[in-house]
Structures are given as structure tokens and as C-alpha cells.
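A.B. asks: I'd like to go over a predicted model; first the sequence, then the structure.
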Amino acid sequence: MKMTTIETRPEDLGQILIKVQDDIRQLKESLASKGDGKTISIAELEHALSKTEQGLQERAEQMLSQLNNRVQTLPSADAIQPPGFMTLETTWDLRKQTRTQQRVEMSNNAYVSRDRLRQPVPPGAAPLLPLRKGESTQLQGLTPGQQSKQALALRVMYNPHSQANRGVLNENFGIQLPLIPQSKEKKKLAQRALNLPVPAPKPLMGSTIEHLAVLPKANRVDAQLAPPPITEDDARKGILSLIERGLIPPAAQLTLDPSPVKNKIMLLHDPEDRNKPPCTPEIAPALAGVRLDLSSKTFETVQETMARMPVIPPHPQSLPSGGVSRTMSGKSRGTSASSSQKAKTPATVKTYEMPLQPLQKKKPPPTTPASGDFKMISHRFAVQNGRIRDTSSEFLSFKQHYCLTWGSIVTTLKHMEKMLSNFAVPVAFINGDRLADLAEEFELEQPPSLDDLLSCIVNRDDVENIIYKPGRRFKGPNGRDIASAKIQATWKMYRERSTYLEYRRRKWAAGVIAISWIMHIKMAKVRHQLKQVRLDNLEAFRRRAKKFAMSWDRIKKSKRVVIHIPSLGLNQEIRDSIHDFGIRQNTQMARLCDIRDPNVDVIFVSPVPLSEETLQYYSKLLGLKSAIDSGNVEDQGEFSDRYKIIVPEAIKSFPTHRMCLSSLLKYSPQTLLRIKNLIKGREAYIMTNMPHIDDLDIANYLDVPIFAPEPEVAHLYSTKSGCKRIFASAKVDMPPSEYDIYSLGLLHESMSQLITENLNVKRWLFKLDDEFDGRGIAYCDVPEHLRCYSWALKEEKRYGDKWSKKWAQEPVFIKILSEIQELLENHATPVNTKVYPTWEKFLASFLSKGGIIEACPPSDSITTLTVDMLIEPNGATSMVSCGDQIHADTPFSCWGVSVPQASVEPDLLNNACLHIADACKSRGIMGYFAIDFVTFINPKTMEQKFWALDISLQYSDSLAMFQLMSFVSNGTLNTKTHVFDVPPPRQEAKKRRRRLHGQDEEQPPNTNRFAVMSTRLLHTNLSVVHYSVFFQMCRAHGIGYDIKEKQGTVFTLIDSFNREKLGMLTIGETLQGALASFARNLSVIHQEISAPNMQGDTNFQRAITDIEGILGTTIQNADEEEPSSDPQ
């Protein structure tokens, strides 16, 4: 007889039992075939039974062994079933060889509607519910939304008082509950009778439980802090909850007390029971000798749990088709609880399939109190003289406890022994648990550091005191060798590092020298190239100037284009100290009036952007030319094709560099190209202000001449020392002075000599060579502060006419020289304290740049004149304008001019200007330049003195305003008589009447005009008034210009955006009238734009004060002239 071989899949218990049943059936048939009258051998029967039992026992042991040794993992979160579900149970009946299916309730929390129980299933899958008639689909898996909906429907079904209860029962079970209306009181009584909970009248809303404790933020940031204590309530939540909330570290070793694993003595069967027949008369004879012992404690617990689950009552409509299978499965469940004790029921195989209907809420698994933070056993052992006492009980206990990870711990122990041995530590006590943790951390990484090893030592402070003691490293084994190696290594390091540092220093020095030499070569090459370029430009400038001089007679009578570039080519230091340098260059907007000549077109390069309002104003102003010529206001024209205003694009690229306009234009290729296109094929030349070296580059690019001297010549003779040379060459009177002073000794000697020779001069001026507009001036009053001044006057009086001799002046000179240093240090004062706040700073600049010492006129009434001269390219000289200066800020700075001058005889002034012009022409100077004179009454002789003070080789502001005066009045200046005449107004034709006897003849109209002009008007309150409002305000107060009478007021707009500065021109028939109108205009404007609490920063009041002084002087002069004219 051959037994059937059982497959090696122990989990397929049903297949094993079926094959065992086949073996028993074969044994039965074998016994039956031998029982036909013959004697049955007991030995053969026992042999067959023992062989069958042995096979079953081997397969059972194999199955249990594989089940116990199989590695099991927790299911994923997606695979965990919801709390409470229902599955199908498939039961095999070994007697009838049939399989029945029954739904098994797993909880009572959810419910699946009957329409959803029968869904299509994949081909080959087991059906979930018995098919009804006419149905061909089975159930598939439920989505999370369907499960949630089922759970909600189940809760509604459990609550009979819910409004949706009737609908859920009707939808899922087809039950239509009757509608029994009843009052609230009856409803509550019914609930109490049925022992149902009565809802509270006012339910409380909100959470009724407290939040669980979590790991504090400090512990989450710093893992080295001790964890917080665990309360008893937290411990009841279980170890998994404590670990997830962070109260127990993930790497903590937990010891459960009491342990969940309990030891119990195993019961072994008596071998004699193997031959005893089983006491199971109801079982089939074929299974009488079979004993199954396949259940374990865990398996029994699962079966008991399954047996205690309630059974879902079958649907009324499904009883005919599926009632039998459900009944049979119910019986099998009823007897499965005792299947391990009774052998009367048939063997069943249960298969759990897809969830159907969650009904009950699964209870949480039991938890174990947390005990990971408090270890009952602490492993500590000693290391003595660098060796572990491996025979001590503590070490043996530690080794036994960590036997599974002993390999990595041994490596860490070796590092610990080596460290303690190297430092000759006598005794160290090791914390074994911490050492084990350290071994796990550094098992696959770098060796542990000294601090890591010290963290495992209990007596760390004592060990650290020993380790960090100097020289302790050399107390261990081979200490002398280590010490000698350390000394050698230190010396080699010092030697090599010294060598390296010296090498690096030399290499750095060599690199610096090489780079410096390379840069020097390159800079020298660039300087040579720039020098050559400038020499080429200068040569081209001279060549064009020569050609320009030869063609000037033709050019000034033909059509031409004048390119006005109002650039102040001062040095960089002066430009940086000028506030609003761009506005300061834009004070000559009146150059546009050159279109008065019909042969001249103007290209004006603006140093600042101009607003549309400003452009419209100048368009209207220049459009008055036809009306001015005809005297009719309505005859206005359009002259926009005669002038162009261009702004270089480099202004935006260099907003803070304080570059002069010529430099900005040089770096504006688009503007240069536009100008070149505008002058193509036409005669043109450049009219600059203060010449600059970049003007040569612009002229070379445009291939046009410059109506100015060479930049170097202009800068040389515009200095205070340079103009003294011209005056000396022209043999004109000038104040006592010394120039070209560059040292302190020369300053003291020159000052002492000048004071000695001119004791009548009370104030001496110190002027810097390269400053302009009265900025670089300081003064010192001698009579009040020089101690020997009275004695010097007595000496002068004593010597009389011999005082001019050097021997007579020598004692006074020596005395003054000894006091001059103290005099200057204590009493010399700069005029412009914003630029030079102290004498020390002024003196430092004076000695570095050079300067002059000049006498201040010894009079209280001083008048300064300005004369604008022109030297044409062909050498012709002429006076363009002349006027008396008006001072506002300081008496040394020109604020405005009254034209024409009325302080000096015209012949005297013309003669001096002619001589100066000849001296300038001999030095190659060409173009416009301004000469400053001063006149006063000598208090000793009571005669008028006339001194030449300064020369500015540039196009001055007064000249630009004079061009505006000529444009709006259509007048000319008689340079011989210094009278400005305008054409008489056109008289309408009148009928001639006979003049009666004694009637005076009609006086001809006055054609003389005087003007007061200034480009320095400053008032910060103007910024709050737009130009349109400003002109309306002026019109309301009668401030305007009369084209017919050729008198009135005209403004020049020079600041388009801040609007704090502007220029003003006032023309009148008399000088007193022009001055009065100018002062009245300033007063009206100030009153209109100022408030008592907002006066603003202005120079109006100072200008009005100076004008009033000039008016007083003119009135006094007029009164003195009247007696002389009466006898006539």
C-alpha cells in the first residue's frame, strides 16, 4: 500500500486533509478486500496505521515549523481594513466534498447595500455571494468613498430616531416602516421604556478629551536633552503611541515588565497513548485511528474570535438560492470553537476574502506600559592601565547582554583601550550601554573621536584632567619614541613652513614687481598714445584755426551754424565743489538769441535735460523776433528751424561725476553724430565757454574750428598770476600786488614788503590762481591787528619823500616780517567759508596751487566794472558790452550787471581795454573774454582811480544776457559813448498842425535804454510754483515786456525741474528806472511765493540792498550834475 505524497505547502491545510482522506479510503478498501473470510493480520493493520500517522505527523510538524519560522511583516496602511468589515467564509466539507460560502460579520460599524453586494468580478476569481437568478455579476472591491457612505448608512440604521432611518432600511432591505406620529413627550417615554438613551436638552459642543502629550520643542531641537517624564495616562496608550509622539526615542532599548512572553511547560503526549483507540464512536471508521494536533494557541484564538462574530441574517429574497449554504456555514462556525477539543465535527478550511460589510468597531490591541526610559540594569565595567578586566562579572554580564552586536563593540573597545593606554590612565569606568550605542553609530563610519570615547566614561572629569595634562601623551607605552617623533615633526614643520613662507613672500614680491612693471609699461604706452592723440588734435586745431582766420571775412557775412557748448572746463577739484554744476553751466541759455542775425543758425548743447514747458517758453520768446522788428505784437513767427536744443545722452550715464559739458559730449556718440549730420555741407564753428582739452576731440570729430584760444593758453592767462602778466604787458594801472607765490616764506616776505610800501592800504586780499567767481579769496585787515602799524606810519612821516627808498623801509620791513606770521594765523579770514572754512585750509590750497597778494581799494565806495571784449580770428578787436557789477552774496562775487556802465569815462575805459586786447592778441588769444576793473575815489587826492583786476578768457554770463537784451530791444551799443540805443518806435501819420507862438516843439522819443540783468536769482520757494503759474502771477502784477516801447522784464529759465534758479532782464529808459523796476520785481516775487513761516533760502534781499545803494549813488550824482547844468 502506497500513501499519497502531500505537497510541501503547509499553509494549504485543506489540500493536506483531502489527501489524508484519500489515504484512509484506500486503507479502508484494502481492509475490506482482505476481509472476505480471511484472517486480517493485526501487524499489517498496525503497520499501515503507524505509517499513516507518521506521515501526518511529519507534514504537520513541517507546516508548523514553516509557519513559526516565516518572517512576517505588518501590512501597509493601504492594506489595513477599516474598523469593522465583513468577509465571505468558504467552508470545505470533507464528507460531502462540497464548498459552502457564508458571510461573516467582522464588526457592526458599516453596512453594504444589497445593490452593491453583487458586482462584476474578474475572470477566475471566487464569487463573493451566490448568484441570483438572472444575475451574472459579482462584487468587486469598494472605494473609500463607498466605505464612508456605508459607515454613515449603518449609523443611521442603528439610530431609529434618525430622519434618514426609514430611507436607509427601505433602500438596503426593502423594509417600509410605518409612520407613527407622536409627540416629543411620548417619544421620550418610549425611549425610556425601551431603555434607549434620551438626548439631553442642551448638548454641549466641543472636545471632551485632553490632547495627548507630545515631545517638547526643546527636545525636538536638541536631542541630547533628557526626555520629559511619562505620565500614567500616557503609558496606558501603549509603547507604539509613545514612540510615535516622540516621548520614547526610536533607538531606545525597551524592557517590558511584566514581560508579554510567558514561559509554560509543554505537554508531551505519552507514547503509550499512540496505540489506544480514540473514543469517538460517532466518527467514521476510516478516521478512527487519526489524531490531529495542528492547532496552536494563536490559531485557536483566531478561531474563537471568528466563532463569536454574529451572523448577518440572510436577505428574504435570497433564501431559496443561498439558504442552505449559509446554514451549513453557520453550523461549521458554531462547532469551530471546540474543534480543537472535539473531533465530532468535520474538518473545515476557512478562506477570508474581500471585505463586504463593516459592522463592528474593532477594539485597539492591548498595549504594554512604556519602560524604555528607565533601564533596570546598567552595565558598567572598569579599564585598568589600558586593559579591560575581562574576567569581572560586570564585563561578562555586559558581553552576554550584547552578544548579538559584540563584533562592533569589540572594535570600539579596542579604540577605548588604545586611547586609555596612550594617555596612561590608571583607572576608567566605562558605561557599557553608551559604549554599545557608540559602536552601532560608528560601525560603518570613521573611527570614534576622542570626545566620543570620553562620552562613554563614567568618571570623565578625572580622565579629562589626566588626558589634557601637558605631556601626558608621552607617559604611555613607547612614550619616548612618540616624544622624539613629535619633536622631529615639529622641527621639520617649523623649518618647512619658514621656508614656504619665505618662498611665498618672495613669490608675492616677484608677482607685485612683475604686475607693477607690466602696468607701468602699459600706462606709459597709454600715456604716450594719449599724448600723441592730444598733440595731433592740437595740431589739427591750429591748422583749422589758421584756415578759419583766413576765411573769417567771408564766413561772418554768409550763412553759418554756431554750435554753442556752454562748458565750464575747470579742473576736477573745483567742479566737485560746485553745487548743481549742471545748472551752473546752463546759465547761458540766452545764447539762443544769436538767431537775431539772419545768417546764423544755432545748435545749443544743453548740460541738463529741459522740460517741455521750458522748450515752449523759448520757442515763444524766439518767435517774437518779427514782432520786435516791426513793433507789432501780432507779427509773431516760428523760428524752430533756426535753432536746435540737444541734450547729450551721457548725462544719464554719469549723473554724479561732475563732468564738464565737453566731456559729456565727447562720450555721447549719438549726439555727435546728430550734430555732424546737422552741419553737413555748411559753415560751422564751436563757441565754448571755458575751453577744455575735450573740446579739441569734439572739434576733430566734427571737423570744425573753435572760436576760442587753445585750452592751455586759456587756463594759463585766466589765472590771477597770468592776468597780472597781461596787465603788466599792457601797462595799465593795477592794484599793488605780488603774484606767483608758492611758499610760506615768500608769502610772508611779499606781504611784509607790500604793507611797508603801501601803509595807506587797510585791507589786503589773498587770491588763489585757479579759482573763479570770487570763491578763492581771503582778506586780512592790517591797521586793527598789526601792532607796529602806528610806529610804521610815524616812520613813513619822518622820512617823507625819501620813504620810497629801500634803506628807509628796511627797519619797518623787518619789524612787520617778525609779526606777519602771527597776524595771518589769527586775523586772516576766507571770504567763502563753505569752500574754505578756515585759514589753514585756505593757506594749504594757496601754497599748493599758487596765488597772489593784492591790495583792496582804500575807499568805502567801490564800483566794479565788467567789459566783454572780442578778438576776431582775423585779429580785429572790439568791445561787445560793458556794465557795472551788482553784488549780493559777497563784494567779491558778481551777481548781476547794469548795462551800459556809467562809472568811468568811456575814453579811459576804451583805451585800457584796447591795450589789454592787444596784449592778449600777442599771446595767441582769440574769441570772447571778460575784463574786470575797479574804480574808486582816492581819499588822499580825491581823484578817481581805475585799476584792472582780472581777466576771464571765456564767454561770460553777462555777455549772454546782453545778447538777450539786444534781441528783445533790437538795439545796439555805441562802444565809443557807451550808450545803448534802440530804434525809435514807428509813428503813425498825423496831420501837420501850425505851431502856435510860444508853444514848445514836440520832444523826440527817448531811444536810450539801460538794463539790469542777472542769471543768479535764487529762491527755494520757486520750486513749489510751476512756470505757468509764475508767469500768470507776474502778469497780474504788471511784470512783463512791452514790445512797442522796448522796455520791461524778460526771464531766462535755466532750471527746468527744481525751478529754484532763473535769470531776469529789466530794461528801462533810465538807469534809475531800470534798477527800481528790477528791485520791485524781486520784492513782488518774494512776497507772492513766500509766507511768514516759509521765507525760504534766497538772495533777493541782499540784491535789493545793493541795488538801493546804487540808486542812492546815482541820485546823488544826478543832484551834483544839476547845478553844473543850471548856468547854461
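C.D. replies: Now that the structure is in, tell me what you want to look at.
A.B. asks: use CA for all of it now, contacts and neighbours both
C.D. replies: Will do.
A.B. asks: wouldn't residue 722 be in contact with residue 714 here?
C.D. replies: No - between residue 722 and residue 714 there is no contact under C-alpha atoms under 8 Å: 9.7 Å.
A.B. asks: show me where the stretch 451-600 of the chain has helices.
C.D. replies: Using DSSP state H, counting those that start in this stretch, the helices of the stretch 451-600 of the chain run over 460-467, 479-550, 552-555, 572-576, 581-585.
A.B. asks: Looking at the ones you listed, which is nearest to residue 700?
C.D. replies: The minimum distance between residue 700 and the helices of the stretch 451-600 of the chain falls on helix 479-550, with 6.4 Å, by C-alpha to C-alpha.
A.B. asks: by contact count, what packs against that closest one?
C.D. replies: Judged by 3 or more C-alpha pairs under 8 Å, 6 or more residues apart in numbering; DSSP states H and E, helix 479-550 is in contact with helix 693-702.
A.B. asks: one step back: residue 722 and residue 714 - which one has more neighbours?
C.D. replies: residue 714 (22 against 19; other C-alpha atoms under 10 Å).
A.B. asks: For the more buried one, give me its contacts.
C.D. replies: If a contact means C-alpha atoms under 8 Å, 6 or more residues apart in numbering, then residue 714 has 690, 691, 925, 953 as its contacts.
A.B. asks: got the contact list for residue 1100?
C.D. replies: If you count contacts by C-alpha under 8 Å, 6+ apart, residue 1100 has them with 1017, 1018, 1019, 1082, 1083, 1086.
A.B. asks: nearest residue to the last one other than its sequence neighbours?
C.D. replies: Yep, that's residue 1086 we're talking about. In space, and not counting its chain neighbours, residue 1086 is closest to residue 1100: 7.5 Å by C-alpha to C-alpha, 6 or more residues apart in numbering.
A.B. asks: how near is the one you found to residue 1025?
C.D. replies: 17 Å (C-alpha to C-alpha, to the nearest Å).
A.B. asks: Also residue 1063?
C.D. replies: 16 Å.
A.B. asks: ok, now residue 926?
C.D. replies: In terms of C-alpha to C-alpha, residue 926 sits 42 Å off from residue 1025.
A.B. asks: Look at these two and report which has more neighbours.
C.D. replies: residue 926 (26 against 15).
A.B. asks: The more buried one reaches residue 869, doesn't it?
C.D. replies: No - contact criterion C-alpha under 8 Å: residue 926 and residue 869 do not qualify, at 10.1 Å.
A.B. asks: Look up which helix or strand residue 615 falls in, please.
C.D. replies: Element membership for residue 615, per DSSP states H and E: helix 612-622.
A.B. asks: Show residues contacting that helix.
C.D. replies: With C-alpha under 8 Å, 6+ apart as the test, helix 612-622 has contacts from 592, 593, 638, 639, 640, 1027, 1053, 1056.
A.B. asks: wait, isn't the fourth one in contact with residue 623?
C.D. replies: Right, the one you point to is residue 639. Yes - using C-alpha under 8 Å, residue 639 is in contact with residue 623, at 5.8 Å.
A.B. asks: export the helix or strand following the helix holding residue 615 as PDB, just CAs?
C.D. replies: Once helix 612-622 ends, the next helix or strand along the chain (criterion: DSSP H and E) is helix 625-630. Only the C-alpha atoms of helix 625-630 are listed here, as PDB (Å, rounded to 0.1, in the frame of the first residue of the first chain):
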ATOM      1  CA  LYS A 625      11.700 138.400 -33.400                       C
ATOM      2  CA  SER A 626       9.300 139.500 -36.200                       C
ATOM      3  CA  ALA A 627       7.100 141.400 -33.700                       C
ATOM      4  CA  ILE A 628      10.200 143.100 -32.200                       C
ATOM      5  CA  ASP A 629      11.400 144.200 -35.600                       C
ATOM      6  CA  SER A 630       8.000 145.600 -36.600                       C
END
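A.B. asks: Enumerate the positions of helix 625-630 that are buried.
C.D. replies: Residues of helix 625-630 classed as buried: 625, 626, 627, 628, 629, 630 (neighbour count, 16 or more other C-alpha atoms under 10 Å).
A.B. asks: The last one and residue 590: what is the separation?
C.D. replies: Distance, residue 630 to residue 590, using C-alpha to C-alpha: 22 Å.
A.B. asks: Residue 798 - how many residues pack around it?
C.D. replies: 12.
A.B. asks: for it, helix, strand, or coil?
C.D. replies: Three-state call for residue 798 (DSSP: H, G, I helix; E, B strand; the rest coil): helix.
A.B. asks: Model confidence for it, exactly?
C.D. replies: Listed pLDDT for residue 798 reads 89.
A.B. asks: next one: the helix holding residue 615 to chain centre, how far?
C.D. replies: Counting by C-alpha atoms, centre = their mean, to the nearest Å, helix 612-622 is centred 42 Å from the centre of its parent chain.
A.B. asks: who wins for proximity to residue 763 among the helices of the stretch 451-600 of the chain?
C.D. replies: Comparing the helices of the stretch 451-600 of the chain by C-alpha to C-alpha, helix 572-576 comes nearest, at 26.4 Å.
A.B. asks: Centre of the chain to the closest one, how far?
C.D. replies: 33 Å.
A.B. asks: just stretch 807-816 next, same as before
C.D. replies: Offset of stretch 807-816 from its chain centre (C-alpha atoms, centre = their mean): 70 Å.
A.B. asks: Render the CA-only coordinates of it in PDB, please.
C.D. replies: C-alpha atoms of stretch 807-816 as PDB (Å, rounded to 0.1, in the frame of the first residue of the first chain):
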ATOM      1  CA  TRP A 807      67.100 151.700   3.100                       C
ATOM      2  CA  ALA A 808      64.400 153.800   4.700                       C
ATOM      3  CA  GLN A 809      61.900 151.000   4.600                       C
ATOM      4  CA  GLU A 810      64.200 148.300   5.900                       C
ATOM      5  CA  PRO A 811      63.600 148.700   9.700                       C
ATOM      6  CA  VAL A 812      59.800 148.700   9.200                       C
ATOM      7  CA  PHE A 813      60.000 145.800   6.800                       C
ATOM      8  CA  ILE A 814      62.000 143.700   9.400                       C
ATOM      9  CA  LYS A 815      59.600 144.600  12.200                       C
ATOM     10  CA  ILE A 816      56.500 143.700  10.100                       C
END
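A.B. asks: which residues sit against that stretch?
C.D. replies: 752, 753, 756, 757, 786, 788, 792, 795, 799, 802, 803.
A.B. asks: before we move on, back to that, ok, the residue nearest to residue 1086 to residue 894 distance?
C.D. replies: 14 Å.
A.B. asks: Repeat that for residue 776.
C.D. replies: 14 Å.
A.B. asks: what's the answer for residue 845, then?
C.D. replies: Distance from residue 845 to residue 894, counting by C-alpha to C-alpha: 23 Å.
A.B. asks: More neighbours: which of the two?
C.D. replies: Applying other C-alpha under 10 Å to residue 845 and residue 894 shows that residue 894 carries more neighbours, namely 21 against 17.
A.B. asks: State the helix or strand in which residue 852 lies.
C.D. replies: strand 851-855.
A.B. asks: in the helix or strand following that strand, what counts as buried?
C.D. replies: Counting by DSSP H and E, the next helix or strand C-terminal to strand 851-855 is strand 862-871. By neighbour count on 16+ other C-alpha under 10 Å, the buried set for strand 862-871 is 863, 864, 865, 866, 867, 868, 869, 870, 871.
A.B. asks: Look up how far residue 736 lies from the first one.
C.D. replies: So that's residue 863. For residue 863, the distance to residue 736 - C-alpha to C-alpha - is 18 Å.
A.B. asks: ok so, going back, if we only consider the buried residues of helix 625-630, which is nearest to residue 150?
C.D. replies: For these, the nearest to residue 150 is residue 625 (99.5 Å; C-alpha to C-alpha).
A.B. asks: So the closest one is in contact with residue 969, correct?
C.D. replies: No - counting by C-alpha under 8 Å, residue 969 is not a contact partner of residue 625; they are 9.7 Å apart.
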